[in-house]
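1. Next comes the sequence, and after it the predicted model I'd like to discuss.
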Amino acid sequence: MPYSRRAFVTSLIVGGVSSIGCAESLYGQAPANGDEAQRTDISIAGSVALERGWSFAYDPDSSLLPTDRAVANLRWESVRVPHTWQAMGGDPGYVGVGWYKYELLMPQEWLEQFLRIEFEAATHTADVFLNGKLIGRHAGKGYTAFAFDLSPHLEHETADLMVRVDNRPSDTMLPRNNSYDWADDGGLIRPVNLLITPRVFIERIEIDAVPDLDKMEARVAIRAVVRNITDQEQAISLDAVLRPEQSPVTHSVEHIQQKIAAGKSLVVEVPAVTIASPTLWHFDSPNLYIARLRVKSALGEHWYEENFGIRRFEVRSTAFYLNGEKVSLMGVERMAGSNPDLGMAETSDWIRGNHEDMKELNCVFTRVHWAQDRRVLDFCDRHGILMQEEVPAWGWETFHETSDELQHALEQNGLEQLREMIARDRNHPCVVAWGLCNEVIGQNPRTRQFAHALADEARRLDPSRLLTYASNSLDSNPGADMAGDFDFVSANEYYGSWAPGGLPQVRTYLKGIHDAFPSKPIVISEYGWCECQPSIPPGDESRVTIVNSHTEVFREFPAVTGAIYFDYNDYRTLVGDKGTGAMRQRVHGVVDLYARRKPSFAALRDQASPIEKLSLTKADAGNYKLQITTRKQLPGYTLRNYQARWVVYGYDDLPMHGMLQALPDLHPGDSHTMVAELRFEDARRIVVDILRPTGFSAATIERAV
């Protein structure tokens with residue numbers, strides 16, 4: 001795993017590949033503002049990414065054990081993890097069992113520590129073997145992280161690791177059978193990490209950072225799960241230090257003394273820290289803090305650190321409020337795994353590039369259909385995208401005529417996925433809502449039973465976040481739909497594409513929802529244009545029409561406080577109606593599978609901009625006037641610390657002159673005029689961008705000179 005902090009560096013050899021584990025003193029210089037994960041398990045060695053040195057083989061016989069005869073005769077190939085066998089160059093049509101193997105080469109000092117192996121996701125079921133012995137199973141949960149202990153099974157400095165991965169659908173897991181609409185890529189689809197710690201260590205932490213906006217202070221409470229894997233009781237002391245990521249100012253917690261029974265875990269409550277005048281997290285100012293904890297025992301010390309943000313996201317009547325300020329939000333959903341060359345085994349560069357595109361689309365609010373890669377959430381934390389993360393209960397068939405036994409199995413699987421998602425992702429400030437399910441027919445009693453079971457558990461585990469579910473069953477008798485049972489109503493709307501009709505039907509639909517739930521905010525959780533039915537003609541111009549016309553109708557309803565366009569990309573899916581093999585897809589996005597932009601990209605960028613009008617005129621000789629009007633709603637939020645960047649293009653249409661001008665705070669519906677003196681003899685055109693504090697452009701205008 002990469003680190004952005006420095007303190008000590010130890011060269012490691014894992015599977016013949018040299019790696020570096022490192023950490024930085026929290027009291028030292030502020031780290032660079034990188035995009036990679038900031039969660040680290042730090043000890044003598046640290047956390048080592050197992051990327052190279054893997055071998056993979058298909059197993060059409062679906063062998064259960066690595067000692068089975070068929071496994072000995074498999075044809076192995078070298079691969080790099082993350083990996084899926086269903087991307088281009090593999091076998092996109094293969095659904096079944098695949099095996100991975102890895103030779104662990106460990107220095108003696110590692111054997112004196114405690115080793116675990118963490119899989120950030122394996123689709124959908126993984127059985128992990130060490131030296132031929134099963135050490136753990138993660139069944140039917142293809143998008144959540146899991147870890148198994150290695151040390152109890154290690155005797156020598158070498159060990160053979162084998163992982164059996166099965167991506168076949170199941171009647172008792174979510175998503176259920178083939179009811180879902182995305183890629184079913186099998187494999188070790190996200191990073192695998194070797195975690196090396198002392199035998200008393202911090203396994204994870206939970207952070208609640210809540211601002212008191214009246215007192216202008218924040219209360220930060222931390223719970224640390226400390227584990228003792230020895231056969232004796234251990235006395236420990238735990239301390240913590242908090243600070244803004246870009247500041248050396250620290251807030252400390254003195255040593256907490258505890259005892260942990262042999263072979264047990266203990267939740268240690270860290271006394272709450274009050275931070276005066278905190279820097280709050282906002283999508284336009286994604287300020288992060290670092291929490292660094294240390295546990296000391298007779299067996300050594302273990303440090304654990306994680307980023308968090310201080311922010312309050314809440315519902316008041318029919319509106320969202322972020323840090324006490326009313327906001328209405330727009331964004332776009334991305335379907336991961338859609339690059340045919342990568343599939344679900346996405347690289348950091350691809351994830352970063354897609355999300356930079358989303359920021360160019362003025363996306364400040366998104367949702368996803370399943371638990372996301374940690375690198376996605378890290379980007380959203382650092383660059384400002386609010387996230388609704390969901391349990392992958394998708395489709396009307398999921399709870400259709402389920403028996404009591406099947407219903408129980410699906411609920412248990414959903415609860416397990418919810419628990420693992422919250423345990424891993426609850427400290428991310430970008431995550432503001434947990435989604436319980438999508439398009440499962442919200443007037444079905446079985447569906448309501450499932451959603452409420454998950455909602456009760458989510459409130460127990462993380463009462464600070466909002467809950468919702470995305471409904472496509474609100475067009476008839478909406479008051480009977482469970483959409484009104486949760487914190488806000490999420491409504492999918494596809495009139496003119498998946499559903500017949502047009503703008504009059506959109507208005508009737510929204511009026512019916514608001515009449516049924518007059519005190520609830522409404523989020524258009526999906527809308528868009530899919531070329532997925534024979535009656536729908538090809539052509540991006542229809543997508544442009546939907547973007548423009550439907551968004552304008554949403555603005556007629558004050559209770560519509562959010563809209564998420566579906567979707568960013570044409571996406572690979574097991575039920576795709578276009579393309580073959582690794583390119584089987586639905587044509588739904590404003591970019592194609594390789595992120596090539598369509599004309600609808602510009603239309604969505606304009607509609608999602610907080611700038612409603614932008615005009616550039618010549619005032620007098622050498623002076624130009626820029627007039628800015630912000631939107632009142634959808635999106636509607638205060639623009640703070642924005643700038644106008646003026647660039648004059650001259651010789652050979654190259655940038656020759658430029659300047660930055662700060663904008664005053666602009667509230668929804670405000671107008672502002674500014675003048676710039678641009679005296680440049682060979683000027684040919686002028687381009688002005690309105691820049692967010694994060695550096696992304698919110699609106700652009702140009703004119704010839």
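-> Nice, I can see it.
2. Spatially, what comes nearest to Arg459 if we skip its sequence neighbours?
-> The shortest distance from Arg459 to any non-neighbouring residue, by Cβ to Cβ, 6 or more residues apart in numbering, is to Leu467 (7.3 Å). Where you see a C-beta, it was placed from the backbone N, CA and C, and this is true even at glycine.
3. For the one you found, report the pLDDT, please.
-> Looking at Leu467, its pLDDT stands at 98.
4. again with Val506
-> So, for Val506, pLDDT stands at 98.
5. and it, what does it touch?
-> For Val506, the contacting residues are Glu493, Tyr495, His550, Val553, Phe554, by Cβ atoms under 8 Å, 6 or more residues apart in numbering.
6. My guess is the last one contacts Ile524. True?
-> This points to Phe554. Yes. Counting by Cβ atoms under 8 Å, Phe554 touches Ile524, with 5.9 Å between them.
7. I'd like the next helix or strand past the biggest helix by length in the chain.
-> Ranked by number of residues, the top helix in the chain under DSSP state H is helix 404-425. Of the helices and strands lying after helix 404-425 in sequence (DSSP states H and E), the nearest is strand 431-438.
8. Show me the contact partners of the next helix or strand after that following strand.
-> The helix or strand immediately downstream of strand 431-438 is helix 445-461, counting by DSSP H and E. With contacts defined as Cβ under 8 Å, 6+ apart, helix 445-461 is touched by 391, 393, 398-399, 402, 407, 410-411, 414-415, 418-419, 422-423, 426, 434, 436-437, 440-442, 465, 467, 469, 482, 485-486.
9. per-residue pLDDT, the residue of the chain most remote from its centre?
-> The centre of the chain is farthest from one residue, Ala621, which by Cα atoms, centre = their mean lies 49.5 Å away. As predicted, Ala621 sits at a pLDDT of 77.
10. Now name the helix or strand holding the nearest residue to His255 once chain neighbours are set aside.
-> The shortest distance from His255 to any non-neighbouring residue, by Cβ to Cβ, 6+ apart, is to Ser237 (4.3 Å). Using DSSP H and E, Ser237 falls within strand 234-244.
11. residues contacting the nearest residue to Trp281 once chain neighbours are set aside?
-> Spatial nearest neighbour of Trp281, excluding adjacent residues (Cβ to Cβ, 6+ apart): Gly309 at 3.1 Å. The contact partners of Gly309, taken as Cβ under 8 Å, 6+ apart, are Ala209, Leu280, Trp281, Pro286, Asn287, Leu288, Tyr289, Asp381, Pro429, Cys430.
12. Out of the residues you listed, who's the most crowded?
-> Greatest neighbour count in the contacts of Gly309, by other Cβ atoms under 10 Å, goes to Pro429: 28 neighbours.
13. Make sure the residue nearest to Arg459 is actually in contact with Val432.
-> No. At 10.8 Å, Leu467 does not count as touching Val432 under the criterion of Cβ under 8 Å.
14. For burial, what's the neighbour tally of Ser317?
-> Using other Cβ under 10 Å: Ser317 sits among 12 other residues.
15. Distance of the closest residue in space to it that isn't next to it in sequence relative to Ala602?
-> Excluding its sequence neighbours, the residue lying closest to Ser317 (Cβ to Cβ, 6+ apart) is Ser519, at 6.3 Å. Applying Cβ to Cβ, to the nearest Å, the value for Ser519 to Ala602 is 37 Å.
16. Looking at the two, which one has more neighbours?
-> Neighbour count, other Cβ under 10 Å: between Ser519 and Ala602, Ala602 has more, with 15 against 10.
17. And the pLDDT at that one?
-> On the pLDDT scale, Ala602 gets 98.
18. for the helix or strand encompassing Ala699, packing partners?
-> Ala699 is part of strand 697-704 when elements are defined by DSSP H and E. Packing partners of strand 697-704 (3 or more Cβ pairs under 8 Å, 6 or more residues apart in numbering; DSSP states H and E): strand 611-620, strand 685-691.
19. which stretches of the stretch 1-150 of the chain aren't confidently modelled?
-> Applying pLDDT under 70 to the stretch 1-150 of the chain picks out residues 1-45.
20. got the residue ranges for the helices in it?
-> 69-72, 108-111 (DSSP state H, counting those that start in this stretch).
21. Need the winner for burial among these.
-> helix 108-111 (a mean of 14; mean count of other Cβ atoms under 10 Å).
22. How far does stretch 159-169 sit from its chain's centre?
-> Centroid displacement of stretch 159-169 relative to its chain, using Cα atoms, centre = their mean, to the nearest Å, is 25 Å.
23. Same check on stretch 292-312?
-> Offset of stretch 292-312 from its chain centre (Cα atoms, centre = their mean): 23 Å.
24. For it, which residues meet the burial criterion?
-> Residues 292-297, 299-300, 302-312 are the ones in stretch 292-312 that count as buried (16 or more other Cβ atoms under 10 Å).
25. still on that earlier bit, just list what the strand holding Ser237 packs against, helices and strands only.
-> Partner elements for strand 234-244 (3+ Cβ pairs under 8 Å, 6+ apart): strand 217-228, strand 251-260, strand 265-276, strand 289-297.
26. Tell me the strands beside the helix or strand hosting Asn193, with direction?
-> Element membership for Asn193 (DSSP H and E) is strand 192-197. Sheet pairing here is set by DSSP bridges, and for strand 192-197 it gives strand 46-49 (antiparallel), strand 114-119 (antiparallel).
27. So what angle separates the directions of it and strand 289-297?
-> 50 degrees (axes from the mean of the first three to the mean of the last three Cα atoms, to 10 degrees).
28. that older thread, so which of the helices and strands packed on strand 697-704 gets nearest Thr172?
-> Of all those, strand 611-620 sits nearest to Thr172, with 49.4 Å by Cβ to Cβ.
29. contacting residues around the closest one?
-> For strand 611-620, contacts defined as Cβ under 8 Å, 6+ apart pick out 624-632, 675, 686, 688, 690, 698-703.
30. And stretch 552-562, by the same measure?
-> Contacts of stretch 552-562 (Cβ under 8 Å, 6+ apart): 318-320, 327-331, 365, 488, 503, 506-507, 510-511, 514, 518, 520-524, 563, 633-634.
31. now swap in stretch 140-148 and tell me
-> Stretch 140-148 has contacts (Cβ under 8 Å, 6+ apart) with 116-126, 128, 135-136, 138, 167, 170, 172-174, 189-190, 195, 370-372, 374, 392, 413, 416-417, 420-421, 424.
32. Among these, name the buried ones.
-> 116-126, 128, 135-136, 138, 167, 170, 173-174, 189-190, 195, 370-372, 374, 392, 413, 416-417, 420-421, 424.
33. number of nearby residues for Val79?
-> Val79, neighbours per other Cβ under 10 Å, totals 21.
34. So in terms of bridging, what pairs with it?
-> Trp54.
35. do the same with Glu325
-> Leu322.
36. confidence score at it?
-> 98.
37. How about His588?
-> pLDDT recorded at His588 is 95.
38. For it, give me its contacts.
-> His588 is in contact with Gly528, Trp529, Cys530, Glu531, Cys532, Phe566, Asp567, Asn569, Asp570, Tyr571, counting by Cβ under 8 Å, 6+ apart.
39. Also Trp434?
-> Counting by Cβ under 8 Å, 6+ apart, Trp434 has contacts 388-391, 418, 421-422, 458, 462, 465-468.
40. rerun that using 10 Å as the cut-off
-> With contact taken as Cβ atoms under 10 Å, 6 or more residues apart in numbering, Trp434 is in contact with 388-391, 418, 421-422, 425-426, 454-455, 457-459, 461-462, 465-469, 486-487.
41. picking that back up, quick one: which of the contacts of Gly309 is nearest Phe680?
-> Among the contacts of Gly309, Pro286 lies closest to Phe680 (Cβ to Cβ), at 35.5 Å.
42. What values do phi and psi take at the closest residue to that closest one other than its chain neighbours?
-> Here the nearest residue to Pro286 in space, its sequence neighbours aside, is Gly384; by Cβ to Cβ, 6+ apart that works out to 4.2 Å. Here is the backbone geometry of Gly384 (degrees, to the nearest 10): phi 90, psi 70.
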